[in-house]
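Trainee: Predicted coordinates and the sequence they were generated for:
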Amino acid sequence: QCVVRCPTGALTERDDTEKVLEALYDPEKLVFASFAPSVRVAIGEPFGMEPGEVVVGKLVSALRRLGFDRVYDVNFGADLTIVEEANELISRIKNGGVLPMATSCCPGWVNFVEKFHPEFIPNLSSCKSPQAMLGALVKSYMKEIEGISEEKIIHVTIMPCTAKKYEALRPELSGDTDYVLTTRELARLLKRFDIDLSKLPEDEADKPFGEYTGAATIFGVTGGVMEAALRTAVDWLSGGTFDKLEFTAVRGMEDLKFAEVDVNGTIIRVAVAHTLSAAEKLLHMIKNGEVEIHFFEVMACPGGCVGGGGQPIPSTTEMIKRRSEGLYSDDEKRVLRKSHENPYIKAVYEKYLGAIGGEKAHHILHTTYRVVYDILCKLEKWDNLLGNTPQ
Ligand code: SF4
């Protein structure tokens with residue numbers, strides 16, 4: 001069965017806008033919105049703003065005007081992903097686990113492995129994506145800490161990505177995210193209600209799931225997940241004695257990048273690929289023993305999520321570059337730039353999740369993978385997604 005990704009979104013998208021509106025009008029429901037790292041540097045474009053302009057505060061205002069009860073930030077989920085993923089990497093290195101470990105936050109890449117390279121499934125990090133981690137945490141936390149039943153909550157994410165719609169339907173992640181709107185769909189919805197994003201005042205996302213570090217925000221650009229993970233992993237491996245923050249060797253638009261970090265004598269070798277043809281090349285090199293690495297990141301779209309199939313059109317190379325620069329400037333401006341230093345992450349572990357990588361965290365924040373045919377057979381609405389899911 002041929003499954004193609006449509007980077008321009010020209011093929012029909014599964015659009016859940018009407019279902020989101022139904023939920024917003026339902027007085028029995030509490031409807032939460034969370035938006036992805038790369039949405040903040042692209043959603044301004046349909047409203048005449050420049051690509052790369054960071055519009056977090058205006059976006060929060062806009063979502064509140066649409067009627068969302070709470071507005072959270074998928075960047076919190078990205079910080080959570082890094083904390084769990086860095087812990088998993090260190091554990092695999094120290095305990096002889098499967099290496100190289102691969103990132104698992106891009107559903108286009110996960111699909112690709114499950115469908116074409118199932119031999120690499122054990123390499124995938126068991127961490128859920130930031131979208132799924134945040135969704136699972138929000139619902140279980142609300143139930144246990146605030147006494148709100150999971151059925152009452154509708155969690156809507158705003159993503160740069162049509163493949164995230166598929167991810168939300170995976171049986172393993174069922175219920176974590178109720179509806180996914182792309183950046184384009186949200187822009188259309190705002191225009192339908194005459195909400196001009198560019199003219200809105202700034203507002204703040206709700207706590208505790210609205211706070212993020214610089215490491216989280218660069219998730220939206222190729223190399224960003226790797227850089228974020230290195231910031232935490234080397235900090236922990238070195239006992240806090242390693243003061244390097246920016247890993248520029250993993251930045252940039254080259255389709256395949258390699259780097260190594262010497263952490264007090266322990267060498268960590270990494271690779272970063274964007275686009276699935278680059279991923280194919282990298283897997284080939286790993287299989288043939290041409291490279292020896294501990295960890296690699298793959299993002300299916302050119303440039304990473306800044307160039308995702310759900311972003312505003314046009315989405316030229318120049319615009320992707322400017323969106324990337326926007327995320328790096330957001331990172332530089334954050335007071336805290338390492339995921340494990342996010343005080344709300346620390347508080348959520350202390351108050352609710354317990355130990356990083358512990359039993360409860362594992363239950364809520366980790367997942368499993370399988371060959372994609374199995375998933376295809378179980379998804380009822382797969383036909384709606386054909387043509388939008390990355391290879
Ligand atoms: Fe989605 Fe593309 Fe980002 Fe992967 S790289 S999560 S397919 S937008």
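Mentor: Sure thing, it's come through. The structure displayed is predicted, hence computed values, not measured ones. Numbering: from 1, shown residues only.
Trainee: residue boundaries of the strands in the protein?
Mentor: 30-35, 70-73, 101-102, 153-159, 179-182, 256-263, 266-274, 295-299 (DSSP state E).
Trainee: Which one of the ones you listed lies nearest to the ligand?
Mentor: Nearest of these to the ligand, taken as C-beta to the nearest ligand atom: strand 295-299 at 3.9 Å. Heads up, the C-betas are built off the backbone N, CA and C, glycines and all.
Trainee: returning to that earlier point: closest to residue 318 out of the strands of the chain?
Mentor: strand 266-274 (16.6 Å; C-beta to C-beta).
Trainee: in that closest one, what counts as buried?
Mentor: Applying a neighbour-count criterion of 16 or more other C-beta atoms under 10 Å, the buried positions in strand 266-274 are 268-274.
Trainee: Check those one by one and keep those near the ligand.
Mentor: Among these, no residue sits close to the ligand (C-beta under 6 Å from any ligand atom).
Trainee: Against residue 316, how distant is the residue in the stretch 201-350 of the chain that the ligand sits nearest to?
Mentor: With C-beta to the nearest ligand atom as the measure, residue 308 is the residue of the stretch 201-350 of the chain nearest to the ligand, at 2.7 Å. Taken as C-beta to C-beta, to the nearest Å, the spacing of residue 308 relative to residue 316 amounts to 14 Å.
Trainee: of these two, who's got more company?
Mentor: Under the neighbour definition other C-beta atoms under 10 Å, residue 308 and residue 316 were set side by side, and residue 308 has more, 34 against 11.
Trainee: my read: the more buried one touches residue 320, true?
Mentor: No. Counting by C-beta atoms under 8 Å, residue 320 is not a contact partner of residue 308; they are 9.6 Å apart.
Trainee: Counting neighbours, what do you get for the closest residue to residue 213 other than its chain neighbours?
Mentor: What sits nearest to residue 213 in space, not counting adjacent residues and going by C-beta to C-beta, 6 or more residues apart in numbering, is residue 336, at 4.5 Å. Per other C-beta under 10 Å, the neighbour tally for residue 336 reads 17.
Trainee: Show the model's pLDDT score for residue 336.
Mentor: Model confidence at residue 336, expressed as pLDDT, equals 97.
Trainee: could you give the mean pLDDT of stretch 189-201?
Mentor: Averaged across stretch 189-201, the pLDDT comes to 98.
Trainee: Poorly predicted segments of the stretch 201-350 of the chain, please.
Mentor: Low-confidence segments of the stretch 201-350 of the chain, defined by pLDDT under 70: none present.
Trainee: Quick check: residues of it near the ligand?
Mentor: Taking C-beta under 6 Å from any ligand atom as the contact definition, the stretch 201-350 of the chain meets the ligand at 299-301, 304-305, 308.
Trainee: Got phi/psi on residue 211?
Mentor: According to degrees, to the nearest 10, the main-chain angles of residue 211 amount to phi -100, psi 140.
Trainee: hang on, it packs against residue 80?
Mentor: No. Applying C-beta under 8 Å, one finds residue 211 not in contact with residue 80, separated by 11.4 Å.
Trainee: Name the residue in the two with the higher neighbour count.
Mentor: A side-by-side neighbour count of residue 211 and residue 80, using other C-beta under 10 Å, places residue 80 first with 30 against 21.
Trainee: wait, what's in contact with that one?
Mentor: If a contact means C-beta atoms under 8 Å, 6 or more residues apart in numbering, then residue 80 has 130, 133-134, 137, 339, 345, 348, 365 as its contacts.
Trainee: 6 Å instead, please
Mentor: residue 133 (C-beta atoms under 6 Å, 6 or more residues apart in numbering).
Trainee: separation between it and the ligand?
Mentor: The spacing between residue 80 and the ligand, counted by C-beta to the nearest ligand atom, to the nearest Å, is 16 Å.
Trainee: Same check on residue 195?
Mentor: Note on residue 195: its distance to the ligand, by C-beta to the nearest ligand atom, is 24 Å.
Trainee: what's the burial count for that residue?
Mentor: Residue 195 has 18 neighbouring residues, counting by other C-beta under 10 Å.
Trainee: which phi and psi does it have?
Mentor: phi -100, psi 110.
Trainee: next one: residue 100
Mentor: phi -70, psi 150.
Trainee: quick one, what contacts the nearest residue in space to it that is not next to it in sequence?
Mentor: Leaving aside its sequence neighbours, residue 100 sits nearest to residue 293 (C-beta to C-beta, 6+ apart; 4.6 Å). The contact partners of residue 293, taken as C-beta under 6 Å, 6+ apart, are 100, 269-271.
Trainee: Sounds good, over and out.
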